[in-house]
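Enquirer: here you go, sequence then predicted model.
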Amino acid sequence: MNLLNVFEQINAVDPEFSDRISPRREAIKNLASMSKKVTLAALPFFISELFKKAYGATAPTDVNGVLNYALTLEYLEAEYYTMGVAKAGLIPSGRPLGAITTIRDHEVAHVNFLKQVLGNKAVSKPTFDFTAGGTFGNVFSNYDTFLAIAQAFEDTGVRAYKGQAGILLGNRVVLTAALQIHSVEARHASHIRQMRRARGGGAADQKPWITGSNDSGIGAVVDPIYAGENNITQAGVDITGLSGAMGKTSTNAATQSFDEPLSAEAVLNIAGLFIKA
C-alpha cells in the first residue's frame, strides 16, 4: 500500500488532514517504508465502550473517527503486550518471548503511526484493567492466563471488525486498509492459539481456528466472544448437509470454515470487562 497516496485520498474526504500532517511530511515519508507492517486503519472494532469514554457517546463515521477507533484499539493491544514482555519471568525465553515481542512491536508501531497522522486530533490513551475487575487476577503472573487473554483480545478484534465494517463502505481507501490489518490480526490470533496448543495441558486441543461456540478453554466468562460461532448455516445453506469426497461435512468443520461477525451490542458487553472505572 502506498501510504502517501492514501494520505492524498484521505485529504479529499477530510480537508483539514493536510494541515495537520504538513509539518510532519518527512516523518511520514520515512514511515512509508514500513507500509507493509504499519497499516492506515487497524479496525477490529473491539472495545467500543472504551471509545465512548475516550471521545464521545457514539461510534464515529468520519475519517478522523475511524483512525481514532484504530488508535484506541492499538493502545489496548500495545499496552497489554508491552506489560507482558516487561514482566520478568512471565513469558518463556526463546521463541515464545520472540513471538510476543514481535506482536508487541506491531501494535506499538501502529500506535506511533496513527498518533503521528492524527496529530492533535489523536485521542488520549484510556486506562485499562486487564484483570477485568479481578476476574483474571493472575494475568501478569501466569503465562497460560496471559496467552488466554491475548487470544480473547485477538479473536474478539477479528470478529468485531466484521460486524462494523459496513460503516467503511463509502470510503474504499480506508476499507482496503482495514481489510489489510484484519488479516494481520487474524494471523496474530492463529499464532497465539498455536502457542497455547504447544503448552499442552488444558489447551492441548487448541486449534488455529475457532471451533463451535467456545473453544478457549477458559470458561463461560468469555462465552460472549464466541457467541454464534456454532452457526452451521451460511446464506441459507446448511453446511452439514453438503457432501464431498469424505462424505457429509461435520459440525466442527462447518463451524470452523466460516468466521462470524460480532454485533456492536456484543462488543460493548465484552469491552466493559476491560475498562477501569
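Expert: The structure has been received and is ready for your questions. Numbering: from 1, shown residues only.

Enquirer: use CA for all of it now, contacts and neighbours both
Expert: Fine.

Enquirer: convert the C-alpha atoms of stretch 228-237 to CSV, please.
Expert: Extracted in CSV, the C-alpha atoms of stretch 228-237 (Å, rounded to 0.1, in the frame of the first residue of the first chain):
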residue,chain,number,x,y,z
GLY,A,228,-22.8,-17.5,17.3
GLU,A,229,-19.6,-19.3,16.2
ASN,A,230,-21.6,-22.6,16.3
ASN,A,231,-23.6,-21.4,13.3
ILE,A,232,-23.7,-24.1,10.6
THR,A,233,-26.0,-22.2,8.2
GLN,A,234,-24.5,-19.8,5.6
ALA,A,235,-26.7,-17.9,3.2
GLY,A,236,-29.5,-20.2,3.9
VAL,A,237,-27.4,-23.3,3.3
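
Enquirer: outside of that stretch, which residues touch it?
Expert: Contacts of stretch 228-237 with the rest of the structure, by C-alpha atoms under 8 Å, 6 or more residues apart in numbering, involve 210-214, 238-240, 251, 254-255, 259-260.

Enquirer: what is the mean pLDDT for that stretch?
Expert: Across stretch 228-237, pLDDT averages out at 91.

Enquirer: same question for it: list its buried residues.
Expert: By neighbour count, with 16 or more other C-alpha atoms under 10 Å as the criterion, the buried positions of stretch 228-237 are 228-232.

Enquirer: in JSON lines, list the residues you listed along with secondary structure.
Expert: Converted to JSON lines, the buried residues of stretch 228-237 look like this (DSSP: H, G, I helix; E, B strand; the rest coil):
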{"residue": "Gly228", "secondary structure": "coil"}
{"residue": "Glu229", "secondary structure": "coil"}
{"residue": "Asn230", "secondary structure": "coil"}
{"residue": "Asn231", "secondary structure": "coil"}
{"residue": "Ile232", "secondary structure": "coil"}
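
Enquirer: got a markdown table for these, with distance to Phe113 too?
Expert: Compiled in a markdown table, these are given as follows (distance: C-alpha to C-alpha, whole Å):
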| residue | distance to Phe113 |
| --- | --- |
| Gly228 | 34 |
| Glu229 | 33 |
| Asn230 | 37 |
| Asn231 | 37 |
| Ile232 | 40 |
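
Enquirer: still on that earlier bit, farthest pair in the contacts of stretch 228-237?
Expert: Largest separation among the contacts of stretch 228-237 by C-alpha to C-alpha: Asn214 and Asp238, giving 20.4 Å.

Enquirer: so which of the two has more stuff around it?
Expert: Just comparing Asn214 and Asp238: by other C-alpha atoms under 10 Å the higher neighbour count belongs to Asn214, 19 against 14.

Enquirer: any idea how far that one is from Gly236?
Expert: As judged by C-alpha to C-alpha, to the nearest Å, Asn214 and Gly236 stand 23 Å apart.

Enquirer: got it, and Ile91?
Expert: Distance of Ile91 to Gly236, computed by C-alpha to C-alpha: 45 Å.
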